[in-house]
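Novice: Sequence below, structure please.
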Amino acid sequence: PGQPEQIEHGPRDRPRVALTFHGQGDPAVAKAVLAEAERAGARVTVLAVGTWLDEQPQMARRILDGGHDLGNHTLHHTSISAMSEQEAYAEITGCADRLRRLTGSIGTWFRPSRTQYATPLVQKLARRAGYPHVLSYDVDSLDYTSPGATAVTRNVADRVGNGSVISLHFGYQDTVAALPALLDTLARRGLHAVTTTELLAS
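Specialist: Got it, this is the predicted structure:
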């Protein structure tokens with residue numbers, strides 16, 4: 001309540017940030033990311049792709065058992081902005097159905113695929129599917145371009161501040177390699193990595 005339909009960041013007056021991961025790729029890499037975050041006392045938000053949950057159903061419980069947020073990043077991770085209303089709704093609900101089957105919940109957050117921002121139509125469809133908010137971000141790590149761990153850390157460090165929502169990905173070794181330095185950088189600045197739910201809690 002009180003949050004915009006499309007959320008780019010949390011409160012700017014509290015030293016907290018949300019590390020949000022697009023959930024797909026090698027489960028070993030995903031587990032390494034989670035383990036590294038947990039070692040540093042960080043909690044993250046995972047927006048899972050539905051077909052990835054089909055292939056790796058155990059990951060849903062692993063994420064939740066670690067104290068992290070789990071949400072919806074569409075069924076197939078194709079360009080939702082280019083789809084018809086019917087296709088886009090099927091992408092959102094297809095992933096929601098898998099989350100519900102695996103966890104009993106559709107998850108707290110929805111993030112559109114292949115775009116930073118949801119169109120007004122996608123926002124409307126997300127609401128219809130049970131997601132009052134679309135989760136965007138204000139800091140892009142660009143880790144999916146595989147620029148090297150140092151560049152991933154720098155991309156975040158150059159832009160991060162109180163309330164930032166940071167876009168990261170499972171499935172890239174650079175992300176795993178960057179995490180210790182990235183978490184250390186946040187800690188040195190007094191920024192705590194929390195779930196998106198915690199970030200936005202009043």
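Novice: Check the burial of residue 29 by counting its neighbours.
Specialist: Counted with other C-beta atoms under 10 Å, residues neighbouring residue 29 total 16. Placement of C-beta: from N, CA and C, glycine included.
Novice: Okay, and it sits in which element?
Specialist: Secondary structure assigned from DSSP states H and E places residue 29 in helix 27-39.
Novice: how close does residue 198 sit to residue 164?
Specialist: In this view, residue 198 and residue 164 are 14 Å apart by C-beta to C-beta, to the nearest Å.
Novice: Quickly list what's touching both of the two.
Specialist: Overlap between the neighbourhoods of residue 198 and residue 164 consists of residue 18, taking contacts as C-beta atoms under 8 Å, 6 or more residues apart in numbering.
Novice: The two: who's more crowded?
Specialist: A count of neighbours by other C-beta under 10 Å puts residue 164 above the other of residue 198 and residue 164, at 22 against 16.
Novice: distance of the more buried one from residue 10?
Specialist: When residue 164 is compared with residue 10 (using C-beta to C-beta), they lie 8 Å apart.
Novice: Common neighbours of these two, please.
Specialist: Counting by C-beta under 8 Å, 6+ apart, the contacts common to residue 164 and residue 10 are 17, 18.
Novice: Name the residues of stretch 81-89 that are buried.
Specialist: Of the residues in stretch 81-89, those buried under the neighbour-count criterion (16 or more other C-beta atoms under 10 Å) are 83, 88, 89.
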